[in-house]
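Engineer: fold the following.
(4 chains)
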There are 2 protein chains.
Amino acid sequence: MILNPKTDKPELMTIREMCEAFDVTPRTLRFYEQKELLFPIRQGTKRNFTRRDRARLKLILRGKRFGFSLEDIRQLLDMYDREPGQQEAQLKRTYQLAQERLAVMEQQRDELNEAIAELRAQMAWGEDMLASFRRSGAA
Amino acid sequence: MILNPKTDKPELMTIREMCEAFDVTPRTLRFYEQKELLFPIRQGTKRNFTRRDRARLKLILRGKRFGFSLEDIRQLLDMYDREPGQQEAQLKRTYQLAQERLAVMEQQRDELNEAIAELRAQMAWGEDMLASFRRSGAA
DNA sequence: CGTTACGTTTACGTTAACGTCACCCGCTCT
DNA sequence: AGAGCGGGTGACGTTAACGTAAACGTAACG
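Structural biologist: Prediction:
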């Protein structure tokens, strides 16, 4: 295992090491490779994940927390890979996507809040019913 | 079409009428029947939806807004159908389910809020980048 | 040499809630 | 009689993100 002289961390990691480091299953990493989200170096049949793969995976997982689909994430990641020459255009595109996502998320949150309020109201009603049961002695 | 003397609304409704009244597709209603959520009267092969079906459908759609699965909803609906004799137990069960759902929904909302905040921070960063692009004259 | 551990590939299974398609039936208008 | 309309019944398709199982390789341990 080759270590980085600065960090003493392995330059290349096996699938197991990746799984433990990022708390994902091997299946997930193979799946991401198949979907062209990761590009581990293949030594024969085995995978060696590089720093680049780790950086990408970190972004992938963050993207998922944001609710981006894997396909969205792949496109964003790819943009940053192409020989950067239109940095600004890329950044704008990313920013726009983020804005759209943000709008969706905020709407979801609002709907969720509405549903929560409605459900709370129903539950208050149910509580009254239960209280009346108790008063009527149906223990 | 038989009308209710009080409301002048049809006692029985066709699948089309139901679709318009509740903004769902025929497929959805057939699907709900198959899943034993609705029990329209079958005249030969055609469906006649009763007041009871409409009441159930209303609850089904509300339940969906709350994030309940159709299976959850079916169980709740069924509880209210069985010869009511343990009203209190049923109500308690419903109340408990509602509490669990509420907890899930609130957690989802909180996570969403966190993700929104994180995404906002990233976007502020991106905005700075864009601004610096503009200052550097890369129009 | 057997087994254990870790890795691989291929390919089908899962889940929810319908959408879609092909084909059939009966009524009504013209 | 033909043409629509409205409804009906299977049954397969869709989507995302993996899970799972089968069958194989290979390297080290004892």
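
Engineer: may I have stretch A:27-46 exported as CSV, CA atoms only?
Structural biologist: Coordinates of each C-alpha in stretch A:27-46 appear next as CSV, following Å, rounded to 0.1, in the frame of the first residue of the first chain:
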residue,chain,number,x,y,z
ARG,A,27,-22.1,-2.7,-4.3
THR,A,28,-22.5,1.0,-4.1
LEU,A,29,-19.0,1.7,-5.2
ARG,A,30,-19.2,-0.7,-8.1
PHE,A,31,-22.5,0.8,-9.0
TYR,A,32,-21.0,4.3,-9.0
GLU,A,33,-18.2,3.1,-11.2
GLN,A,34,-20.6,1.6,-13.6
LYS,A,35,-22.6,4.8,-13.7
GLU,A,36,-19.3,6.6,-14.4
LEU,A,37,-19.2,8.6,-11.2
LEU,A,38,-16.0,7.0,-10.0
PHE,A,39,-12.9,5.8,-12.0
PRO,A,40,-10.8,3.5,-9.8
ILE,A,41,-7.6,2.2,-11.4
ARG,A,42,-8.1,-1.4,-12.4
GLN,A,43,-5.2,-3.7,-11.6
GLY,A,44,-6.4,-6.6,-13.6
THR,A,45,-9.8,-7.1,-12.0
LYS,A,46,-9.4,-5.3,-8.7
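
Engineer: tell me which residues in that stretch are buried?
Structural biologist: Within stretch A:27-46, the residues that qualify as buried by neighbour count (16 or more other Cβ atoms under 10 Å in any protein chain shown) are A:28-29, A:32-33, A:37-38, A:40. C-beta coordinates here come from the backbone N, C-alpha and C atoms, glycine included.

Engineer: could you list the residues in contact with that stretch?
Structural biologist: Stretch A:27-46 is contacted from outside by A:12, A:14-15, A:18-19, A:47-50, A:52-53, A:56-57, A:60, A:70, A:73-74, A:77, using Cβ atoms under 8 Å, 6 or more residues apart in numbering or on different chains.

Engineer: what stretches of chain A score poorly on pLDDT?
Structural biologist: Flagging of chain A using pLDDT under 70 yields the residue ranges A:1-10, A:82-87, A:137-139.

Engineer: mind doing that once more with 90?
Structural biologist: Judged against pLDDT under 90, the low-scoring parts of chain A cover residues A:1-11, A:43-45, A:62-68, A:72, A:75-139.

Engineer: give me the phi and psi for residue A:24.
Structural biologist: Phi and psi for residue A:24, reported as degrees, to the nearest 10, are phi -130, psi 170.

Engineer: tell me the spacing between it and chain B.
Structural biologist: Spatial separation of residue A:24 from chain B under the definition Cβ to the nearest Cβ, to the nearest Å is 19 Å.

Engineer: swap in residue A:28?
Structural biologist: Applying Cβ to the nearest Cβ, the value for residue A:28 to chain B is 20 Å.

Engineer: torsion angles phi and psi at that residue?
Structural biologist: According to degrees, to the nearest 10, residue A:28 has phi -60, psi -50.

Engineer: also residue A:50?
Structural biologist: Main-chain dihedrals, residue A:50, degrees, to the nearest 10: phi -100, psi 180.

Engineer: how much space separates it from residue A:57?
Structural biologist: Residue A:50 is 11 Å from residue A:57, where distance means Cβ to Cβ, to the nearest Å.

Engineer: settle it for me: which of these two has more neighbours?
Structural biologist: Neighbours per residue (other Cβ atoms under 10 Å in any protein chain shown) separate residue A:50 from residue A:57, with residue A:57 holding more: 20 against 15.

Engineer: confirm that the more buried one sits in a helix.
Structural biologist: Yes. The assignment for residue A:57, made by DSSP: H, G, I helix; E, B strand; the rest coil, places it in a helix.

Engineer: quickly find the element holding the closest residue to residue A:127 other than its chain neighbours.
Structural biologist: Spatial nearest neighbour of residue A:127, chain neighbours left out: residue B:95 (7.3 Å); criterion: Cβ to Cβ, 6 or more residues apart in numbering or on different chains. Here residue B:95, judged by DSSP states H and E, is contained in helix B:87-135.
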